[in-house]
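S.K.: Sequence first, predicted coordinates after that:
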Amino acid sequence: MAARTFRPSTLPQYLVLLAVAGMVLVPLVATALGGFKTLGELRVNPVGLPGSWDGGVYWEILSSPLLWRMLFNSLVIAVLTVGLTLIAGSMAAFVFAHVVFFGSRMLLSYLLLGLMFPAATAMLPLFIRVRDLGLLDTYWGVVLPQVAFGLGMAILMLRGFFRQLPHELWEAARVDGCGYFQFYLRVTLPLSRPILATVAVFALVASWNNYMLPLIMFNAPEMYPWPLGIMNYQGEFSTEWNKILAFVTLTLAPAIAFFLLAQRHIVAGLAGGAVKG
């Protein structure tokens, strides 16, 4: 494969990309470095390298069972959210992409209206409904609302990808006696791994970083996911910012690692689903 040659006309594009990459990387690096600093050093040197590389704060957090309990809670919530979003979203998207029925466009538009609905405005009625169902202080009290809020985007992305699959596949499957569900399970899903990975990453990151829903639905500290763990380092008169930065670094690492591992599938899924459906 031939190497790309640099052209002076592309220099502005590279400069813009470098600037965007810097805007993303500098806060991440500064957060990671902040865990090695003392509170006094953070006030005078919030972005630069630490004067002494003391990993005591990181070790204190890693050796605490609090971190692992919160990571476990976050993992359970994220796995359930991603699984239900993929199952419900892919089934609904398959129906809207391949099955013609009365009112399908109206129903699809109704589901996509959720993309314009601010989640914060639904917190009070959502809390009342979850309380009435007896789901407070349970994983499902957070998982089910997260799935509901994420279904619109999942259906939109998956439907666009499903509509691109060759129609000849469906005709050949019908000749072989394959029904809608068999075609969905044995043909559509195996061919849709890139877009499924994309939806999974978006759902995972949204669930992993969700702060508002767990704050409202959880009263028991043993159910807290990692975003609520930051409150443990905030006192009435002072805040241990170095511990907060170290805690955020450790808890964001799994999501960032997963995103980097799946980035090829994300790009393929977004490119494949970027069509007018």
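M.R.: Done, it's in. Computed from a predicted structure; not experimentally measured.
S.K.: for the stretch 51-200 of the chain, what spans make up the helices?
M.R.: Listed in chain order, the helices found in the stretch 51-200 of the chain under DSSP state H, counting those that start in this stretch are 56-62, 65-98, 104-112, 123-132, 140-162, 167-175, 180-183, 189-191, 193-208.
S.K.: which of the residues in the longest one are buried?
M.R.: Of the residues in helix 65-98, those scored as buried under the neighbour-count criterion (16 or more other C-beta atoms under 10 Å) are 67, 69-71, 73-75, 77-78, 80-82, 84-86, 88-90, 92-98. Every residue, glycine included, has its C-beta placed from N, CA and C.
S.K.: Stretch 243-254 now?
M.R.: Applying 16+ other C-beta under 10 Å to stretch 243-254 flags K243, I244, L245, A246, F247, V248, T249, L250, T251, L252, P254 as buried.
S.K.: Take the residues you listed and lay them out in JSON lines including distance to W226, pLDDT and secondary structure.
M.R.: Shown next, in JSON lines, are the buried residues of stretch 243-254 (distance: C-beta to C-beta, whole Å; pLDDT from 0 to 100; DSSP: H, G, I helix; E, B strand; the rest coil):
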{"residue": "K243", "distance to W226": "13", "pLDDT": "84", "secondary structure": "helix"}
{"residue": "I244", "distance to W226": "12", "pLDDT": "85", "secondary structure": "helix"}
{"residue": "L245", "distance to W226": "14", "pLDDT": "86", "secondary structure": "helix"}
{"residue": "A246", "distance to W226": "13", "pLDDT": "86", "secondary structure": "helix"}
{"residue": "F247", "distance to W226": "8", "pLDDT": "85", "secondary structure": "helix"}
{"residue": "V248", "distance to W226": "9", "pLDDT": "85", "secondary structure": "helix"}
{"residue": "T249", "distance to W226": "11", "pLDDT": "86", "secondary structure": "helix"}
{"residue": "L250", "distance to W226": "9", "pLDDT": "85", "secondary structure": "helix"}
{"residue": "T251", "distance to W226": "4", "pLDDT": "84", "secondary structure": "helix"}
{"residue": "L252", "distance to W226": "9", "pLDDT": "82", "secondary structure": "helix"}
{"residue": "P254", "distance to W226": "10", "pLDDT": "80", "secondary structure": "helix"}
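S.K.: Next, format those as a markdown table and append distance to V26.
M.R.: Shown next, in a markdown table, are these (distance: C-beta to C-beta, whole Å):
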| residue | distance to V26 |
| --- | --- |
| K243 | 21 |
| I244 | 18 |
| L245 | 14 |
| A246 | 18 |
| F247 | 20 |
| V248 | 15 |
| T249 | 14 |
| L250 | 19 |
| T251 | 20 |
| L252 | 15 |
| P254 | 21 |
